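> 3D, please:
(2 chains)
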Amino acid sequence: MQEINKKNIRIWSRLGQRGTICGVALPEIASKKENCYVITADLAQLSSLERFKTIYPSKFINIGISEQNMIGVAGGLALEGNCVFATTYATFLTMRCYEQIRHNLGYQKANVKLLGSSSGLAMGMSGNTHYSYEDIAIMRVIPNMIVLSPADATEAYRMVHMVSDYEEPVYIRLSGALNNEIVYEDSYLLEIGKAITLRQGQDAVVIATGSMVIETLKAAKLLEEKGISIKVINMHTIKPLDTEILESISETNLIITLEEHSIIGGLGSAVAEYFSSKKIKPRQIMLGLPDAFLKPAEYEYLKQQNGLYAENIAAIVEKNLEES
Amino acid sequence: MTDADKEMIENITIIANRMRKKALKMALEAGKNGAHLGGGLSCIEILATLYGGIAKLDPQNPLWKGRDRILISKAHCVLAYYTALYERGFLKEEDLNNFEKNGSDMAGHPLRNLEKGIEYSGGSLGMALSVGVGMAIDAKQKKRNNKIFVLLGDGECEEGAIWEAMMSASHYKLNNLIGIIDRNHLQYDGTTEEVAGLDNFTERISSFGWDVQEVDGHNIKELWNILKNYDHKKPFMIIADTVKGKGISFMENNPKWHHSQLSLSQYEQAIKELDKENVEYAGNQ
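Sure, this is the predicted structure:
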């Protein structure tokens, strides 16, 4: 693993989460791990896997446009004692082959790391077939599955290195495209299953994941100008959920969960599930995508339309603090 | 054919007869839970041949890397599978007695357990051929010369994922992958032809770049010869022509016995039929 320094952080940000993982991290992992494979479904070039393929041709499999088969083959390779990274767009990776994932990875604990790229609305004009706003929900409900959602390219890079030593199946939800905005300017403590408090505050808590972490940090600055201080938590691990940090905020007046994912079944739901049985619990506002197929548009436009941007987050915090 | 071959075939025939009787006993004891009798009895000879001498396996060292992998894709055939694992020394009498008992691992579909020789969990059709492709690719990469056998149902081949796997197997030239289709012609709702227009297996699978051979799936001599003298450059599919419910007159070719309860009187009649058949077989030798 390379040093986490400003130069690398800038480079990885330009490559985006997928480009950093597939183009940089996976060749590094293959260089130290004899028993590993990378498999994709006709998305090698687009995923920046050409370098990996050139350096490690015997560890690379392009199975063609057959995602169900890809997960089956990955399962077979994994059951033979290999660590397997399987990647394509998050929508096809999690949905076309859902039962193969459940049966091979969940049920039989095959050591496959699923790298779902362009999650959420990142595919813009390609439309709803290419959006994935259900993936957190459907992946976290599978027993034995770990679900990760990195906030920027550096976090994605570190996560994939970390889970390469895990035996368990993992889903890593990659968001954004190229030029992934930087959340972490420097090295920091990262542990799977331990959320990170990026900013302290007293008035409310915003728990965000993936692409929404950077928007929340921007919202926090806007609110600060108005004298409102919010605590910002990066919930980079959706499963296992960090219940310790949730316990620590259980007496907060207001929490807001935020994700580029449906409001059904994602981070917000996971947090609400935790608090549901508690006597003392905070009021929770769930922000995310509506239960609807959206009219295809550019990525940034879609985020604006659905309120997933700093100014709106700040406004919602402010409004709800006034009401409470 | 050598004397050793003849002896093996003779031995496998005896094993198959024991398996069929044990399978019926397990079904009887499953009581109201019932069991998949039809598709279990159709592949007794196939699994007896694999476990009775073809496959390289070591029950004393079940994790041996060089073992042949046997994946049961039509996983409802546990009556044949568990009894074959018992004959090969992976399962104990006690395991068979636990079949479909609450709290036991011996469920109606197998659960992966390498210590017990169970390579892959089953229950959802169309899954295992892709897994076999992955295992075959790894064996080639690591230069192991073990084979990967995958037992498929004919109705199961209506699952598209099977054909995706077939395409990959020929693309990667996996001549260490051997599929066996238990071609008993029946699925839940009728024949494979009536339900889904599924026929011409040989032609279809050949066109996917596999070597294909049809055999009588109840003829142990044929199964032995084809598997023993294995020499292929391509992945190899055996279409084993079988009879669903084979060996029991009232079950044969009767879709009602796909999954059913077996009464004591039916069990006794079935055993009587098998004993008569065995006497006739012995008389013909």
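> for the rest of this, base every contact and every neighbour count on C-alpha atoms.
Noted.
> elements contacting the helix or strand hosting residue B:161?
Applying DSSP states H and E as the criterion places residue B:161 in helix B:160-171. Judged by 3 or more C-alpha pairs under 8 Å, 6 or more residues apart in numbering or on different chains; DSSP states H and E, helix B:160-171 is in contact with helix A:67-79, helix B:128-141.
> could you find the closest non-adjacent residue to residue A:127?
residue A:296 (4.6 Å; C-alpha to C-alpha, 6 or more residues apart in numbering or on different chains).
> what about that neighbour, which SS state?
Put simply, residue A:296 is coil when judged by DSSP: H, G, I helix; E, B strand; the rest coil.
> which residues in chain A form helices?
Assigned by DSSP state H, chain A shows helices spanning A:6-20, A:26-32, A:50-55, A:67-79, A:90-95, A:98-100, A:135-140, A:153-163, A:212-225, A:243-248, A:267-275, A:299-305, A:310-323.
> wait, which of these is closest to chain B?
helix A:67-79 (4.0 Å; C-alpha to the nearest C-alpha).
> do that closest one and chain B meet at all?
Yes. Remark: helix A:67-79 sits within contact range of chain B at A:68-77, A:79, by C-alpha under 8 Å from any C-alpha of the partner chain.
> can you tell me which of those has the most neighbours?
residue A:74 (36 neighbours; other C-alpha atoms under 10 Å in any protein chain shown).
> list the contacts of residue 116.
You didn't pick a chain, so chain A it is. Residues near residue A:116 by C-alpha atoms under 8 Å, 6 or more residues apart in numbering or on different chains: A:87-91, A:93-94, A:171-174.
> wrong one, chain B
B:59, B:62, B:85, B:90-91.
> among the residues you listed, which lie within strands?
Secondary structure defined by DSSP state E assigns none of the contacts of residue B:116 to strands.
> just the buried residues of the residues you listed.
B:59, B:62, B:85, B:90-91 (16 or more other C-alpha atoms under 10 Å in any protein chain shown).
> make JSON lines from these and add distance to chain A and pLDDT to it.
Rendered in JSON lines, the data for the buried ones among the contacts of residue B:116 read as follows (distance: C-alpha to the nearest C-alpha, whole Å; pLDDT from 0 to 100):
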{"residue": "B:59", "distance to chain A": "18", "pLDDT": "98"}
{"residue": "B:62", "distance to chain A": "13", "pLDDT": "98"}
{"residue": "B:85", "distance to chain A": "20", "pLDDT": "98"}
{"residue": "B:90", "distance to chain A": "19", "pLDDT": "98"}
{"residue": "B:91", "distance to chain A": "20", "pLDDT": "98"}
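> just to revisit the earlier point, so which of the helices of chain A gets nearest residue B:105?
helix A:67-79 (19.6 Å; C-alpha to C-alpha).
> any idea of the angle the closest one forms with helix B:128-141?
Angle of helix A:67-79 versus helix B:128-141, following axes from the mean of the first three to the mean of the last three C-alpha atoms, to 10 degrees, is 50 degrees.
> mean confidence score for helix A:67-79?
Mean pLDDT, computed over helix A:67-79, is 98.
> so which elements touch it?
Applying 3+ C-alpha pairs under 8 Å, 6+ apart, one finds that helix A:67-79 contacts strand A:36-40, strand A:83-89, helix A:98-100, strand A:112-117, helix B:128-141, helix B:160-171.
> rerun at 10 Å
strand A:36-40, strand A:60-62, strand A:83-89, helix A:90-95, helix A:98-100, strand A:112-117, helix B:128-141, helix B:160-171 (3 or more C-alpha pairs under 10 Å, 6 or more residues apart in numbering or on different chains; DSSP states H and E).
> residue 222 - how many residues pack around it?
Let's take chain A. By other C-alpha under 10 Å, 18 other residues sit near residue A:222.
> my bad, the chain I had in mind was chain B
So residue B:222, with other C-alpha under 10 Å, has 16 neighbours.
> out of the helices and strands packed on helix B:160-171, which is closest to residue A:48?
Across those, closest to residue A:48 is helix A:67-79 (C-alpha to C-alpha), at 18.2 Å.
> now do that closest one against helix B:160-171, angle only.
60 degrees.
> now helix A:67-79: how far from the chain's centre is it?
What separates the centre of helix A:67-79 from the centre of its chain is 22 Å, taken as C-alpha atoms, centre = their mean, to the nearest Å.
> next one: stretch A:182-197
The mean C-alpha position of stretch A:182-197 is separated from the chain mean by 13 Å, C-alpha atoms, centre = their mean.
> chain A contacts on chain B?
Residues of chain B that fall close to chain A, judged by C-alpha under 10 Å from any C-alpha of the partner chain: B:65, B:111-113, B:119-124, B:126-139, B:141-142, B:160-168, B:171-172.
> filter those down to the buried ones.
For these, buried by 16+ other C-alpha under 10 Å: B:111-112, B:119-124, B:126-139, B:161-168, B:172.
> ok so, going back, among the helices and strands packed on helix A:67-79, which comes closest to residue B:269?
helix B:128-141 (35.6 Å).
> and the closest one, what does it pack against?
helix A:67-79, strand B:69-72, strand B:148-153, helix B:160-171, strand B:177-183.
> and the contacts of the shortest one?
If I follow you right, that is strand B:69-72. B:47, B:50-51, B:55-57, B:78, B:81, B:109-110, B:117-123, B:125, B:127-129, B:131-132, B:135-136, B:146-153, B:177-180 (C-alpha atoms under 10 Å, 6 or more residues apart in numbering or on different chains).
> pull the CA atoms of it into PDB?
Provided in PDB are the C-alpha atoms of strand B:69-72 (Å, rounded to 0.1, in the frame of the first residue of the first chain):
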ATOM      1  CA  ARG B  69     -14.500 -31.900  -7.100                       C
ATOM      2  CA  ILE B  70     -18.000 -33.200  -7.400                       C
ATOM      3  CA  LEU B  71     -20.600 -30.500  -7.500                       C
ATOM      4  CA  ILE B  72     -24.300 -31.500  -7.300                       C
END
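> adjacent strands (with direction) for that strand?
strand B:148-153 (parallel) (DSSP bridges).
> rounded mean pLDDT for the partner strand, please.
The pLDDT scores in strand B:148-153 average 98.
> and for stretch A:247-259?
Mean predicted lDDT for stretch A:247-259 stands at 97.
> what residues sit buried inside it?
For stretch A:247-259, by 16+ other C-alpha under 10 Å, it's A:249-250, A:252-259.
> near chain B, which residues of the stretch 151-300 of chain A? Just list them.
Counting by C-alpha under 10 Å from any C-alpha, the stretch 151-300 of chain A has no residue next to chain B.
> so where is the stretch 151-300 of chain A shaky, pLDDT-wise?
Judged against pLDDT under 70, the stretch 151-300 of chain A has no low-scoring part.
> other residues contacting the worst-scoring helix or strand of chain B on mean pLDDT?
None of the helices or strands of chain B scores lower by mean pLDDT, DSSP states H and E than helix B:264-284, at a mean of 85. Residues from elsewhere that reach helix B:264-284, judged by C-alpha under 10 Å, 6+ apart: B:13-14, B:17-18, B:20-22, B:24-25, B:27-29, B:31, B:247-251, B:262-263.
> doesn't residue B:198 lie inside a strand?
No. Assessed with three-state DSSP, residue B:198 is coil; it does not lie in a strand.
> give me phi/psi at it?
Dihedral pair for residue B:198: phi -90, psi 110, per degrees, to the nearest 10.
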